[in-house]
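> Give me the fold of what follows.
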Amino acid sequence: MKLYFSNLINNFNKSNILSLQNYTNNICYLYSNEGIFIYDDKTKKFFNTDVVDDDSKIILYNNYQVVINNSFIKKHYESFKIPFDYKRCDYKKEVYKLREKSPVSLVIEYENNNYYMWYIETHEDIENLMIKEDINSFLSLITNI
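Numbering: from 1, shown residues only. Below is the predicted model of the structure:
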């Protein structure tokens, strides 16, 4: 799940987390009438995709308004043909972790080399004490609170 902190979306200080960067991934999306295709920089291949759209919900989390989104893009199969007409969007995804195998990540995305958004990502229950501590640690690092 992705956690978007609405009132902090443009308010963060990246300098405090630079040493926590885990990896960077460059992704190219091609949007067309034939579907959404993704070029994965790691595999150097195009994939046909589906958007698995789940309902979002808004909660109050430590006095922050948070949008929780469980939607994701699912890669189906390698595509050897891409459409002639498409709109291309290039994204860079920087992933930060407090510890190497931490289940909580802070993700900063750039679209066409411009800052796009940041969010916290986890597949664990956000009410779990350890997960809460990691989320709070990230929030204190990036907002100087």
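
> can you list the weak-confidence ranges in this structure?
With pLDDT under 70 as the threshold, the chain has low-confidence stretches at 9-11, 144-145.

> centroid residue for it?
Relative to the mean C-alpha position of the chain, the nearest C-alpha, by CA atoms, centre = their mean, is the one of residue 107, at 5.0 Å.

> Give the pairing partners of the helix or strand where it lies; include direction for each.
Using DSSP states H and E, residue 107 maps to strand 104-111. As defined by DSSP bridges, the strand partners of strand 104-111 come to strand 87-97 (antiparallel), strand 114-122 (antiparallel).

> Distance-wise, check the closest residue to residue 4 other than its chain neighbours relative to residue 134.
Take residue 4 and drop its neighbours on the chain: the residue closest to it by CB to CB, 6 or more residues apart in numbering is residue 67, 4.3 Å away. The C-beta positions use only the backbone N, C-alpha and C, and glycine is treated the same way. Summarising the geometry, the distance separating residue 67 from residue 134, computed by CB to CB, to the nearest Å, is 19 Å.

> Now for the residue nearest to residue 4: which residues touch it?
Residues touching residue 67, when contacts are defined by CB atoms under 8 Å, 6 or more residues apart in numbering, comprise 3, 4, 6, 56, 57, 58.

> I'm done for today, thanks for sticking with me.
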